[in-house]
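Peer 1: quick one, what's the 3D model for this:
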Amino acid sequence: MLRYSPIPYLRFKLSYRDLAQIMGELGVCVAPCTILRWVVRYSVDFAECWRDRERAVGRSWRCDETYIKVAGQWMYLYRAVDQRGKTVESHLSRTRDIAAAKAFFRKALKRHGQPRTITLDGFEPTHSALRRMGMRNEFNYRWENPVKIRSCQYLNNVVEQDHRRIKSRVQPMLGFKKFYNARRVIIGIEFFHKVHKDQFHLGSM
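Peer 2: Numbering: from 1, shown residues only. Next up, the predicted model:
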């Protein structure tokens, strides 16, 4: 019961107080702050348990950043989807710079391998991050074939539209208090967003 109680919070536009009230009506008395602890504790577990069942993403990635407020400050959520709108990866960062972009692409490449094309916005540090990664052969990752890097606002509409679905869930939360909590909760939100987009194999469940 405790392990799965965060699911409605991560999937739907509910506050901790809303979920506590719903659980109370079902005969389970729990404080909103307790639900917060459960959400932070189990969000990453959901994503990790299902990682081996994730379907392969496409080889054309559309990458962009959006803003998430944490402790009254704007943080940067790096996200990528493929040409069909399937989620590739996300990464919450305190900064929007070369180091943050490299950390994001490191995660994406480690999980999904090399794409054919990567479409970016015009923000130069993101382009620089990819150039430096290819030049220095970092993270034990070797570019087997040249990857086409391009900027195209039209092609990136798909990721910008996808941002809205994540932010529509985050906005009712009225901002996160701690960066650690924000990062873990967003992992859970992204996971259930991928479930909604049928990005997991369910046949053997």
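Peer 1: leaving out the residues flanking it, which one is nearest to the most centrally placed residue in the chain?
Peer 2: For the chain, the residue whose C-alpha lies nearest the mean C-alpha position (CA atoms, centre = their mean) is residue 90; its distance is 3.4 Å. If you skip the residues right next to it in sequence, residue 90 has residue 79 as its closest partner in space, 4.6 Å away by CB to CB, 6 or more residues apart in numbering. No exception for glycine: its C-beta is placed from N, CA and C like everyone else's.
Peer 1: that neighbour: neighbour count?
Peer 2: Burial of residue 79, expressed as a neighbour count using other CB atoms under 10 Å, amounts to 24.
Peer 1: and the residue nearest to the centre of the chain, what does it touch?
Peer 2: Residues in contact with residue 90 (CB atoms under 8 Å, 6 or more residues apart in numbering) are 77-80, 104, 166, 186-187, 190.
Peer 1: what helix or strand is the closest residue in space to residue 160 that isn't next to it in sequence located in?
Peer 2: Closest residue to residue 160 apart from its sequence neighbours, by CB to CB, 6+ apart: residue 64 at 6.1 Å. Here residue 64, judged by DSSP states H and E, is contained in strand 60-70.
Peer 1: which other helices and strands does that strand contact?
Peer 2: strand 73-82, strand 117-120, helix 157-170, helix 179-196 (3 or more CB pairs under 8 Å, 6 or more residues apart in numbering; DSSP states H and E).
Peer 1: need phi/psi at the residue with the largest distance to the centre of the chain.
Peer 2: Here the chain has its C-alpha centre computed as a mean, and the residue farthest from that point, by CA atoms, centre = their mean, is residue 27 with 33.4 Å. Here is the backbone geometry of residue 27 (degrees, to the nearest 10): phi 90, psi 10.
Peer 1: could I get the pLDDT score of it?
Peer 2: pLDDT, the model's per-residue confidence, is 83 for residue 27.
Peer 1: contacts only, for the residue lying closest to residue 167 once chain neighbours are set aside.
Peer 2: Nearest residue to residue 167 in three dimensions, chain neighbours excluded: residue 66, at 6.5 Å (CB to CB, 6+ apart). Taking CB under 8 Å, 6+ apart as the contact definition, residue 66 lies against 76-77, 79, 163, 166-167.
Peer 1: filter those residues down to the buried ones and hand me the PyMOL line.
Peer 2: The following PyMOL command selects only the buried members of those, with burial defined by 16 or more other CB atoms under 10 Å:
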select buried, resi 76+77+79+163+166
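Peer 1: can you add pLDDT and distance to residue 122 and give the contacts of residue 66 back as CSV?
Peer 2: Conversion of the contacts of residue 66 to CSV gives the following (pLDDT from 0 to 100; distance: CB to CB, whole Å):
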residue, pLDDT, distance to residue 122
76, 97, 16
77, 97, 18
79, 97, 17
163, 93, 17
166, 90, 22
167, 87, 21
